[in-house]
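*Asks:* the following block contains a protein sequence and its predicted model.
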Amino acid sequence: MSARFLTLHHPAEARAHYDMGLWRAETLYGRLTAHAMARPGSPGARDGRRSVSWQELLAWVDGTAAALRRLGLLPGDRVSLWMPNRLEAVVTFLACSREGLACNPSLHRTYTAAEVADLLGVLNTKLLVTEPSWGAERIADPAARFGGIEGLRAVWTSENFPQPGPAQEAPAHDPDVVSYLAFTSGTTGTPKCVMHSDNTLLANARDLVRDWGHGPSSVLLTLSPISHHIAWVAVAQWLVAGCTLVLDDPPAGRTRLDWLLETGATYVMGVPTHALDIIAEQEVRSIPRLGAVRTFYMAGAPIPPTLAEAFVKQGIRPQNVYGMTENSSHQYTHPDDPTDVIVTTCGRGGRGYEVAIFDPTDRDRKLPPGEVGEIGGRGAALMLGYFGNQAATEGSFNRDGWFMSGDLGRLDEAGNLSIAGRSKDLIIRGGHNIHPARIEALAIRHPGVARVAAFPVPDARLGERVCLAVIGDVEPRELLEHLAAEGLSIYDMPECFVRLDAFPLTASGKVLKRELTAMAGRGELSLQSVRYSRKEAV
């Protein structure tokens, strides 16, 4: 008996998407087979260890699909990935598409084993694909650590990963079932898990590929880890365009710039931090141009004007992007947009997703161009809901069926979207989401902490860093060690510390974190840089 999902899939809306050509009767695996038949020997994908043609990739996916069958997995069962940026992740994802399984790639390297185990339990995962010495604790034997989880049938690593071979049965052909599951909110409490189908993922990819002119001659390098949704926006575009996919897996001793030049990347996807680092290294090494790059996609933070100018001078078009796991990279600038539109807005996006602005105090009232409000959207690229969370799904939509993002923005007369801020309490460090509430909940357990607030401070390269403000007599080093002992990932650790006698508060007694950030910017706080040094796991 196959597993079933409670989703937002609506027959009338689905017919409309098909009629408009936004959804099509093809799966992700179907795109793979089409390219393998049309150009079997052409380069398909590569990581730092190997490069495979489309035909070789298809054989590897088919062999992996056969192994999934031997495990007894049925349509709708869940497969989770917790691993480096390796081709095995892409192969597993496509094998899941072939077999009608739901792939969950969003287990971040920053997670502890306990956090991963909790999320595997939430999904009732049947198979975990991972690597030894991966994650915040660098678990040496993942099979031993996770093997006892109820319902988990196997743990695959590179040592026992399936080899290429023939498939046993005909592939699944339904592009509208849930095929992709991604957690969006870290590990505080029970996070929300987004459900996508092949069609909801491909709808956004079709827009991006069409509007930016990518094709078989393109070489797409994704600098995003496979646990982040950007990587799978890249995978979907790759399957639409039939180009070469390159994962962020440079061989030992080589930098990302080396990898970009070696692979001949023409389309690079990442966050502004990636771009800043690459441009800085380019200047240090006096390299006149970034190889064959024509387009540099950047999402997750504003693009500094100086960065955009550095690309434009080299004949490279920056692509400013806004989106969420729930709706992919739906808002993006276009190749013919002037530089000021690229720097100040996220563009007008494509046909697969419609955006409108709503009154934050009345989510049912649409606002005119120029006014700031909550960003809402609807369309073919929208998720199918949150896995096992009816309340969260219902609460994410207004009366007329617009998905409410929780972010603030404005539209201009041309339909370009500008982001005005985040209504959610989140710190984004170099594209990594950090939840202040979790840090505060762990810090307050220390006897030397009377009150605590984690807030963002600006950083020129990473966008934001975590600063911890404390009322109490605890020493910074002692507090960091306490946070580590309580289970906080090293990747979420505060990087600056300030001791205060009192916090700025609202009338109801809540800490005004915006004011703390502003005080730090005005130099009114004596910020102390701190860094936690991990003790190596054995």
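*Replies:* Right, received. Where do you want to start? Residues are numbered from 1 along each chain as shown.
*Asks:* and the residue nearest to A59 when sequence neighbours are not counted, what is it in contact with?
*Replies:* Counting by Cβ to Cβ, 6 or more residues apart in numbering, P164 is the residue found nearest to A59 once chain neighbours are left out, at 3.9 Å. C-betas here are computed from N, CA, C, even on glycine. Counting by Cβ atoms under 8 Å, 6 or more residues apart in numbering, P164 makes contact with E56, A59, W60, D62, G63.
*Asks:* quick one: L6 and A392 touch, right?
*Replies:* No. Assessed by Cβ atoms under 8 Å, L6 is found out of contact with A392, at 12.0 Å.
*Asks:* pLDDT weak spots in the stretch 401-538 of the chain?
*Replies:* Within the stretch 401-538 of the chain, the stretches with pLDDT under 70 are 421-425, 506-510, 535-538.
*Asks:* where do the helices of it begin and end?
*Replies:* For the stretch 401-538 of the chain, the helices defined by DSSP state H, counting those that start in this stretch cover 436-443, 476-485, 513-521.
*Asks:* equivalent analysis for the stretch 251-400 of the chain, please.
*Replies:* 256-263, 272-284, 305-312, 339-344, 390-395.
*Asks:* next: the stretch 101-250 of the chain.
*Replies:* Using DSSP H, counting those that start in this stretch, helices in the stretch 101-250 of the chain cover 113-123, 142-146, 198-212, 229-241.
*Asks:* need the CA coordinates for the second one. CSV is fine.
*Replies:* Output of helix 142-146 as CSV, limited to C-alpha atoms (Å, rounded to 0.1, in the frame of the first residue of the first chain):
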residue,chain,number,x,y,z
PRO,A,142,26.2,6.8,10.8
ALA,A,143,24.8,3.3,10.4
ALA,A,144,25.4,2.5,14.0
ARG,A,145,24.1,5.9,15.2
PHE,A,146,20.9,5.9,13.2
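*Asks:* give the buried residues for it.
*Replies:* Of the residues in helix 142-146, those buried by neighbour count under the rule 16 or more other Cβ atoms under 10 Å are P142, A143, R145, F146.
*Asks:* repeat for the third one
*Replies:* Buried residues in helix 198-212, defined by neighbour count with 16+ other Cβ under 10 Å: 198-209, 211-212.
*Asks:* I'd like to know which elements it is packed against.
*Replies:* Counting contacts by 3 or more Cβ pairs under 8 Å, 6 or more residues apart in numbering; DSSP states H and E, helix 198-212 packs against helix 28-38, strand 178-183, helix 229-241, strand 328-332.
*Asks:* just put those in TSV and tack on distance to K313, mean neighbour count and mean pLDDT.
*Replies:* Formatted as TSV, the helices and strands packed on helix 198-212 follow (distance: least, Cβ to Cβ, whole Å; neighbours: other Cβ atoms under 10 Å; pLDDT from 0 to 100):
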stretch	distance to K313	mean neighbour count	mean pLDDT
helix 28-38	35	20	98
strand 178-183	36	26	97
helix 229-241	25	26	97
strand 328-332	22	27	97
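*Asks:* about what we covered before: nearest to T345, of the helices of the stretch 401-538 of the chain?
*Replies:* Closest of the helices of the stretch 401-538 of the chain to T345 is helix 513-521, at 23.6 Å (criterion: Cβ to Cβ).
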